[in-house]
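Asks: prediction below, plus the sequence it came from.
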Amino acid sequence: MVEYDPHRWWSYFHYLKGSMVREIVARVMVCVLWALGVTLFHSHVRSVAIPPTVHTLAGISLSLLLVFRTNSSYDRFWEGRKLWGGIVNETRNLARAAGVFLRSEPALYAALLRWTAAFPYASASFLRTKAELGPLAQELPPDEVAEVMRAQHVPFAVARKMSALLDTGRRQGLYSEYVQMQLDQDVHLLVDYIGGCERIRKTPIPFAYVMHLRRALLVFCYTLPFALVESFGGLTVLATFIVAYIFFGIEEIGVEIEDPFGHDDNDLPLDAICNTIHANLNALLPAEPQSRQAPPAA
């Protein structure tokens, strides 16, 4: 995600990163070259001008379609951010509550914290079609890590490890079944949140809507010079450039934020969120007991 100050106007005008310019430059330049060819043909061969009425009416409908497209994509982006905000909150809630009941078993509490911190890394990687536990892979028992990495759904396997640790605490008599259920509710919510993210990722905007919008965009932009050339003359090229840049840019913004879990410039900062959770939980790890020093030799 591109970090910026929304109060500064002119500082970011030259930015290419995150501005969609690189993604749409080819499409826009083709429209500009086409507009140049239409303008030259109209000026030196014969008139190809058409009335602008159709484009006036179509432009209104196309604008509404683009607004709906970007609104739908932003709803998905914002819902994804809320789900990851829930993951942040529930990892903290689990660490806070479990610390009260597991204070007498620091090793068990430390294991729970590490697996809880591994859950966001596993979830982010899973949403990116990978299987990783981030830096926690070096802090957890290798045999358990290998078992989790062999699972079909790695975040779910991590959640099972967390529930198993909570059950261990109950079997050791550290708390009752009711308390275990309350603690495991946080794990339950974590699984719900990753499921919500999967729903967003695996349910794109309907294909028919996307294709109809793109076909309408192409038809509109490539026929626009014919509607402008009579009135604008040589400025038809500039007018076509402005309209194509605006329309193609809006459509591409919707495409980029539709799936907010990847590595695009405008996607959610999942790596930063995972690192924040890791740092929060790592600060709660019980201090390891210092080994006794050997008495000095006589």
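Replies: That came through fine. Numbering: from 1, shown residues only.
Asks: neighbours of Phe68, how many?
Replies: For Phe68, the neighbour count with other CB atoms under 10 Å is 14. Heads up, the C-betas are built off the backbone N, CA and C, glycines and all.
Asks: model confidence for it, exactly?
Replies: On pLDDT, Phe68 comes in at 92.
Asks: which strands and helices sit next to the host helix or strand of it?
Replies: Taking DSSP states H and E as the definition, Phe68 sits inside helix 53-101. Counting contacts by 3 or more CB pairs under 8 Å, 6 or more residues apart in numbering; DSSP states H and E, helix 53-101 is packed against helix 106-127, helix 154-171, helix 177-202, helix 207-232, helix 236-258, helix 270-282.
Asks: quick one, that helix and helix 154-171 angle?
Replies: Angle, helix 53-101 to helix 154-171, by axes from the mean of the first three to the mean of the last three CA atoms, to 10 degrees: 20 degrees.
Asks: going forward, the N-terminal residue is numbered 514.
Replies: From this message on, residue numbering opens at 514, which makes the last subject helix 566-614.
Asks: stretch 771-788 spans what distance, first to last residue?
Replies: The straight-line separation of the ends of stretch 771-788 (CA to CA, to the nearest Å) is 24 Å.
Asks: what comes up buried for it?
Replies: Residues of stretch 771-788 classed as buried by neighbour count (16 or more other CB atoms under 10 Å): 771-774, 777, 779-781, 783, 786-788.
Asks: check whether Ala680 really touches Gln693, as I assumed.
Replies: Not Ala; residue 680 is Asp. Yes: Asp680 lies in contact with Gln693 (CB atoms under 8 Å); the separation is 6.6 Å.
Asks: the two: which has the busier surroundings?
Replies: Counted by other CB under 10 Å, Asp680 and Gln693 do not tie: Gln693 has more neighbours, with 19 against 14.
Asks: state the distance from the more buried one to Thr604.
Replies: 18 Å (CB to CB, to the nearest Å).
Asks: repeat that for Val541.
Replies: Taken as CB to CB, the span from Val541 to Thr604 is 44 Å.
Asks: the more surrounded of the two?
Replies: Neighbours per residue (other CB under 10 Å) separate Val541 from Thr604, with Thr604 holding more: 24 against 21.
Asks: quick one: contacts for the more buried one?
Replies: Listed by CB atoms under 8 Å, 6 or more residues apart in numbering, the contact partners of Thr604 are 629-630, 632-633, 699, 703, 790, 793-794.
Asks: list just the nearest of the residues you listed to Val558.
Replies: Pro633 (62.9 Å; CB to CB).
Asks: next, count neighbours for the closest one.
Replies: There are 30 residues near Pro633, going by other CB under 10 Å.
Asks: over to Pro738?
Replies: By other CB under 10 Å, neighbour count at Pro738 equals 26.
Asks: quick one: contacts for it?
Replies: Contacts of Pro738 by CB under 8 Å, 6+ apart are 547-548, 551-552, 749-750, 753.
Asks: pretty sure Gln685 sits against Ser617.
Replies: No: contact criterion CB under 8 Å: Gln685 and Ser617 do not qualify, at 9.2 Å.
Asks: hmm, who's touching stretch 656-673?
Replies: 628, 631-632, 635-636, 638-639, 644, 646, 650, 674, 700, 703-704, 707.
Asks: quick one, what contacts the nearest residue to Glu592 once chain neighbours are set aside?
Replies: In space, and not counting its chain neighbours, Glu592 is closest to Ile713: 6.4 Å by CB to CB, 6 or more residues apart in numbering. By CB under 8 Å, 6+ apart, the residues touching Ile713 are 589, 592-593, 596, 772-774.
Asks: need the pLDDT of Ile713.
Replies: With respect to pLDDT, Ile713 scores 95.
Asks: now name the helix or strand holding Asp778.
Replies: Here Asp778 is assigned to no helix or strand, by DSSP H and E.
Asks: how near is Val515 to Ala548?
Replies: 31 Å.
Asks: settle it for me: which of the two has more neighbours?
Replies: Neighbours per residue (other CB under 10 Å) separate Val515 from Ala548, with Ala548 holding more: 26 against 13.
Asks: thank you, goodbye.
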